[in-house]
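Colleague: any chance you could fold what I've pasted below:
(one chain, ligands or ions: 1)
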Amino acid sequence: MLWICVGIAALTTVIAVISVYVREQKLNDVRLSIEEALDDLPGEYKEVMAADHEALEEAQTGENAYAGNPDPQDRSGTANDPKNEKNGNESETIDPNGKLVALTFDDGPSMYTEQILEILNEYDSRATFFMVGYNIEKHPERVQKVLDAGCEVANHTSNHKDLSDISREMIKSEVYDNEKLLNDAGAEGELLLRPPYGLYNDDVKDLVKRPMINWSVDSRDWKTKDAALTVKEVKKNVKDGRVVLMHDIYASTVEAVRELVPWLINEGYRLVTVSQLYEARKEQLKDGHIYRFTYTAEEFAQK
Ligand SMILES: [Zn+2]
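Modeller: Purely as a prediction, here's the structure:
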């Protein structure tokens, strides 16, 4: 009897080891093909590839399943510090047990930013804007307009370069020069970063002493430039606790936002900034870590 049990245990172990090996091989092949493809792709396609790349890395390491520490710790000096109330973290009462979603807008500010702010304002909603240096320089006053709307201003680097493909010195200047530019335009303190294309490597994690916010819902507005398709993509994938990727540089995105905001509210969502989202669900954002979503209300209640 004993040797049968031992035999079954040994067999189970062998099967488990083989299946893990096969899975890792598969992931590795896909990862390599994505890396090769990234080298040849025009810039805008990188964003989709990056999302796949990231999902793979997560599957391989398991690191980002809940990237962050669920235990409340010393939060002083972090980008979502409750003291940093001036930037998208006003002391609004947010019920962590209700459905929350963070809309994010990249690559602005532009002429469309103010139109999006007007829609958000109409529905008493908030969002986060990850801004690039070359657009901030053209219209630094747009930074203050975003802040005045109770929204969050965040960093998307000076020149929108792939941070995983430049020198350590360049990574630092791309990130911190742009943060300085945003600070000078009114967004005080340490700011959340979204690396361009969602791409990062160990150097980026080491040098960026800020939380990095990617996304868990890609509206694909940058690819389709079609309001109806953007709306459809978000409606299909949005869930409580998620971060939605959009771009405030297309007219089609403004039209999509005009439809999406009332729809989300009607579905019971509250639209909050990234800092508010993580603050409400008590997930501490740590420097040099990547985040894509947070706990759902159910998971939060069970913590
Ligand atoms: Zn971008």
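Colleague: Provide the contact partners of the helix or strand that contains residue 117 at residue level.
Modeller: According to DSSP states H and E, residue 117 maps onto helix 111-122. Residues from elsewhere that reach helix 111-122 (Cβ atoms under 8 Å, 6 or more residues apart in numbering): 105, 126-127, 129, 142, 145-146, 149, 151, 248-251, 253-254, 257-258, 261, 271. In this view, the C-beta of every residue, glycine as well, is placed from N, C-alpha and C.
Colleague: among these, name the buried ones.
Modeller: Among those, the ones that count as buried by 16 or more other Cβ atoms under 10 Å are 105, 126-127, 129, 142, 145-146, 149, 151, 248-250, 253-254, 257-258, 261, 271.
Colleague: so which residues of the stretch 151-300 of the chain form helices?
Modeller: Using DSSP state H, counting those that start in this stretch, the helices of the stretch 151-300 of the chain run over 168-172, 178-184, 202-207, 221-224, 227-237, 251-266, 274-280, 297-302.
Colleague: for the closest residue to residue 277 other than its chain neighbours, give me phi and psi.
Modeller: Nearest non-adjacent residue to residue 277, counting by Cβ to Cβ, 6 or more residues apart in numbering: residue 102, 4.4 Å away. For residue 102, the backbone dihedrals (degrees, to the nearest 10) come out as phi -110, psi 110.
Colleague: got the contact list for residue 102?
Modeller: Per Cβ under 8 Å, 6+ apart, neighbours of residue 102: 127, 128, 242, 243, 244, 271, 272, 273, 274, 276, 277.
Colleague: at 10 Å instead, please
Modeller: Each residue near residue 102 by Cβ atoms under 10 Å, 6 or more residues apart in numbering is listed here: 88, 126-128, 152, 213, 215-217, 241-244, 271-278, 293-294.
Colleague: now, which of these lie within strands?
Modeller: Mapping these onto strands (DSSP state E) picks out 128, 152, 213, 217, 242, 243, 244, 271.
Colleague: make TSV from those residues and add pLDDT and distance to residue 298 to it.
Modeller: As requested, the ones in strands among the contacts of residue 102 are exported to TSV (pLDDT from 0 to 100; distance: Cβ to Cβ, whole Å):
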residue	pLDDT	distance to residue 298
128	98	24
152	98	25
213	98	22
217	98	18
242	98	14
243	98	18
244	98	20
271	98	20
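Colleague: and the helix holding residue 117, how far out from the chain middle?
Modeller: Distance of helix 111-122 from the chain centroid (Cα atoms, centre = their mean, to the nearest Å) equals 20 Å.
Colleague: go on, stretch 230-242?
Modeller: Taking Cα atoms, centre = their mean, the mean C-alpha location of stretch 230-242 is offset from the chain mean by 14 Å.
Colleague: going by neighbour count, list what's buried in that stretch.
Modeller: 230, 231, 233, 234, 238, 240, 241, 242.
Colleague: contact partners for the closest residue to residue 103 other than its chain neighbours?
Modeller: Nearest non-adjacent residue to residue 103, counting by Cβ to Cβ, 6+ apart: residue 127, 4.2 Å away. Applying Cβ under 10 Å, 6+ apart to residue 127 gives the contacts 88, 101-105, 116-117, 119-120, 146, 149-152, 244, 246, 248, 257, 261, 271-274.
Colleague: go again with 6 Å.
Modeller: Applying Cβ atoms under 6 Å, 6 or more residues apart in numbering, we find residue 127 in contact with 103, 120, 151.
Colleague: next, count neighbours for the residue lying closest to residue 187 once chain neighbours are set aside.
Modeller: In space, and not counting its chain neighbours, residue 187 is closest to residue 153: 3.8 Å by Cβ to Cβ, 6+ apart. As a burial measure, residue 153 scores 28 neighbours (other Cβ atoms under 10 Å).
Colleague: please apply the same query to residue 225.
Modeller: Residues near residue 225, counting by other Cβ under 10 Å: 14.
Colleague: mind pulling up the pLDDT for the closest residue to residue 154 other than its chain neighbours?
Modeller: For residue 154, ignoring the flanking residues on the chain, the nearest one in space by Cβ to Cβ, 6+ apart is residue 192 at 4.2 Å. Per-residue confidence (pLDDT) for residue 192: 98.
Colleague: also residue 9?
Modeller: Here, the pLDDT recorded for residue 9 equals 73.
Colleague: what about residue 206, neighbour count?
Modeller: Residue 206 sits with 11 neighbouring residues when counted by other Cβ under 10 Å.
Colleague: the residue nearest to it when sequence neighbours are not counted: neighbour count?
Modeller: Leaving aside its sequence neighbours, residue 206 sits nearest to residue 288 (Cβ to Cβ, 6+ apart; 6.7 Å). When counting by other Cβ under 10 Å, one arrives at 16 neighbours for residue 288.
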